[in-house]
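A.B. asks: Based on what follows, work out the 3D shape:
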Amino acid sequence: MLAREPLACEIPRMDSALLTPDLLAPGDGKSAALDPAQFTWSRIRSPDDPLFETAYAALWQEFGTAHEMETRDVLAARLREAGPLRYEILLVHAGAQVAAVRDHTAIACDGQIVVHLSHLLVAPEWRRSGLAGWMRAVPILTARELAAANATPGCEVTLVGEMEYANGTDPRRALRLLAYERAGCLKIDPRAVRYHQPDFRPPEVMDAGDGARPLPFQLIIRRVGREHERVITGRGVRRIVRALHTMYGAQFRPQDMAHPALRLDHFPDDHAEIALLPPTTVA
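C.D. replies: Residues are numbered from 1 along each chain as shown. The predicted model follows:
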């Protein structure tokens, strides 16, 4: 287990009855056989939530030291954002033990909801149990809540994750890509779309060196209800990336977001058709 954490009775819970099989990705059959009611689901939406530090510390220990996660101050500010953004951390307990943690941001942009799937950590005891599939499904509920708040219920929902390229030296990368592939997610052909993630390092570190250095990442997506489609247009890609930039731009400095690697004008034109590939495809 990740940690032992007492549960305070006043902390809001998510009703596990909201987790219905129709939320699951096509390949998450094992998740459908796992009863989510056996867990306690907490959706952290404020940095003042008593569970925020527990959840953030677990994610930071796994992802922060490799500069794969924003700092606490950035995420605390994102939790306070309103309007087109809804950021939350999902903390799942099995009894008094932390079973899994994830964070994600729903973004209303161009008449659709894009949900950025940031980080997912499942305790060793619950890996390959089907819990990860439910952790990928909950963000759809966040998207639907934001759509209702913006008077666009029923609008298109796209889940998107930024994934490192498999380099043959970090087996975790290959496992993550394989997990998304088995779930039925697809990646935007990186030969056509060279996406970069903004630099997560603290501003003072970037300023002491040679400035921001965005990193190349692959975009893994699930278009909810459209999982069978194997192409996306250039316009569709821009809509997704524009939403991600809306999220990052709320806390990152304008000069860092203006880096040439983050520009959208080098993507294929609006009507170009770009292949959606299995995530483990070498490109």
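
A.B. asks: Show the residue spans covered by the helices in this structure.
C.D. replies: Assigned by DSSP state H, the chain shows helices spanning 29-32, 52-63, 72-80, 131-149, 171-183, 203-208, 234-249, 254-257.

A.B. asks: So what touches the first one?
C.D. replies: It stands for helix 29-32. Pro21, Leu24, Arg128, Ser129, Gly130, Leu131, Ala132, Gly133, Trp134, Ala137 (CB atoms under 8 Å, 6 or more residues apart in numbering). (Glycine included, C-beta is placed from N, CA and C.)

A.B. asks: Might you list the low-confidence residue ranges for this protein?
C.D. replies: For the chain, the stretches with pLDDT under 70 are 1-12.

A.B. asks: most distant residue from the middle of it?
C.D. replies: Ala208 (29.8 Å; CA atoms, centre = their mean).

A.B. asks: so how far is Arg253 from the residue nearest the centre of the chain?
C.D. replies: With distances taken as CA atoms, centre = their mean, Leu117 lies nearest the centre of the chain, 0.7 Å away. According to CB to CB, to the nearest Å, Leu117 and Arg253 sit 24 Å apart.

A.B. asks: again with Ala208
C.D. replies: 15 Å.

A.B. asks: starting at the chain centroid, how far to stretch 215-224?
C.D. replies: The chain centre lies 9 Å from the centre of stretch 215-224; the measure is CA atoms, centre = their mean, to the nearest Å.

A.B. asks: repeat for stretch 164-180
C.D. replies: 16 Å.

A.B. asks: same question, stretch 106-122
C.D. replies: 6 Å.

A.B. asks: in that stretch, what counts as buried?
C.D. replies: 106-110, 112-122 (16 or more other CB atoms under 10 Å).

A.B. asks: One more: stretch 21-28?
C.D. replies: Those would be Leu23, Leu24, Ala25, Gly27, Asp28, for stretch 21-28 by 16+ other CB under 10 Å.

A.B. asks: Same check on stretch 87-97?
C.D. replies: For stretch 87-97, by 16+ other CB under 10 Å, it's Tyr87, Glu88, Ile89, Leu90, Leu91, Val92, His93, Ala94.
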